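> Could you work out the structure for the sequence below:
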Amino acid sequence: MVGIDFGHAFGSATQFLPVPELVPFRLTRQILNVMRPLKEKGLMEGVMTHTLRALRENSSILLSTMDVFIKEPSLDWKQNAEKQKKQMAGDEVTKLDESWYPRQKIGFAQRKLSGDNCAHIMRDELQLGHGKASYFRDLELVLLGDASKDVRAKHPEHDLSVEQQVAGLVDLATDPNILGRFWIGWEPWM
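This is a model prediction of the structure:
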């Protein structure tokens, strides 16, 4: 069971919300308590590991399927592309064709399927929407974590094993330092 807000899939909640979401999925204390006594270390991590392994082994099929987003981007993606264009500089914008935004989003998906560290991917998504903000550097430090206590910070940026990638995802989703920075209406403390 993984909750997803399809209104904010493919990094849009990190990139465009005024208070960016910094978790890959919602894994609050309520959900963890339902999984007792093993919590995320039990069935959930096992299922995530098997699922991610299958996705990585068949990534070419998934990425080929996602090609439809390049040929026919959704209305949301077109609107988000316009928002991002407004934040970009002159020459950069004029060289973009209609498929640049879907290619960018599929590129992030490809990085996930290639074993990149989720914290680094999310940092890059955050930078697209909030990179010029005064608070960006602080959020970047929180996302990348502290190597003395955060699993994601101990892993390299690229070439993670499936198990390392899952551990990093769970670490991000359960980090109290991140959950405490959410928009109050999300109620991550409950």
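> And the next helix or strand past the least confident helix or strand in the chain by mean pLDDT?
In the chain, no helix or strand scores lower on mean pLDDT, DSSP states H and E than helix 90-94, which sits at a mean of 62. Moving toward the C-terminus from helix 90-94, the next helix or strand (DSSP states H and E) is helix 100-114.
> can you tell me the average pLDDT over that following helix?
Mean pLDDT, helix 100-114: 91.
> Residues contacting it, please?
For helix 100-114, the surrounding residues in contact (C-beta atoms under 8 Å, 6 or more residues apart in numbering) are 10-11, 55-56, 59, 62-63, 66-67, 69-70, 73, 77-78, 80-81, 84, 118, 121, 124-125, 128, 158, 165. To be clear about C-beta, it is placed using only N, CA and C from the backbone, and glycine gets the same treatment.
> And for stretch 126-146?
14-16, 20, 22, 83-84, 87, 104, 119-120, 122-123, 151-153, 171-172, 175, 177-178, 181.
> Buried ones from these, can you make that a ChimeraX selection?
What follows is the ChimeraX syntax selecting those of the contacts of stretch 126-146 that are buried according to 16 or more other C-beta atoms under 10 Å:
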select :14,15,16,20,22,84,104,119,120,122,123,151,152,153,171,172,175,178,181
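> Which of the contacts of stretch 126-146 fall in helices?
Applying DSSP state H to those, the entries found in helices are 14-15, 83-84, 87, 104, 119-120, 122-123, 151-153, 171-172, 177-178.
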